[in-house]
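>>> sequence plus predicted model, see below.
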Amino acid sequence: MKASCQCGNLTAVIVTAAEPMIVLCHCLDCQKRSGSPFGEVAYYPASDVAVSGEAREFTRPTDEGNTFTSGFCPTCGSTVYARASKYPGILGVTVGTLADPFFPVPSRSVFEQSRHDWIEMPPSVPRHPRGRNS
Ligand SMILES: [Zn+2]
Ligand SMILES: [Zn+2]
């Protein structure tokens, strides 16, 4: 699988046997990061993801006192990858940059407290008002 930004300069190639942990997040920071009503990131073992191209990174604190870093293309602005300090050794790839309408449903939906009202989740998706432990 290959993720790429809008202009194609920043890519992430995923070669893995691992099932991704797919997190759909409705928090206001993910809304601002993505410019969309939610962000969605698929997490893999970092060694299974090869990022190439120029990226800039932005790191923000999380509610739990960890950090969340997103990597984006300085030319077109697409976020292609992300990592959470809480999960060392794991690298996330933004689901939208995979451009695959058949990508699996999220493993969980978090920060439902700020979910846009019209968004409905499939019944199989666990939902949390804030983080996964809420
Ligand atoms: Zn780009
Ligand atoms: Zn979020």
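Structure received. Ligands and ions are numbered 1, 2, ... in the order given.
>>> and for the closest residue to Pro106 other than its chain neighbours, the neighbour number?
Of all residues not flanking Pro106 in the chain, Leu24 sits nearest, at 4.0 Å (Cβ to Cβ, 6 or more residues apart in numbering). (Each C-beta comes from the backbone N, C-alpha and C, glycine too.) When neighbours are defined as other Cβ atoms under 10 Å, Leu24 has 23 of them.
>>> next one: Leu24 from ligand 2, what distance?
Going from Leu24 to ligand 2 by Cβ to the ion, to the nearest Å gives 9 Å.
>>> got it, and Ala17?
Counting by Cβ to the ion - Ala17 and ligand 2 are separated by 27 Å.
>>> what residues of stretch 124-134 count as buried?
Neighbour-count burial for stretch 124-134, counted by 16 or more other Cβ atoms under 10 Å, picks out His128, Gly131.
>>> for that stretch, give me every contacting residue.
24, 62-64, 105-113, 121 (Cβ atoms under 8 Å, 6 or more residues apart in numbering).
>>> any idea of the mean pLDDT in it?
The predicted model assigns stretch 124-134 a mean pLDDT of 92.
>>> and stretch 96-110, by the same measure?
97.
>>> next one: it, is it in contact with ligand 1?
No - Stretch 96-110 lies apart from ligand 1 when judged by Cβ under 5 Å from the ion; the minimum separation is 9.6 Å.
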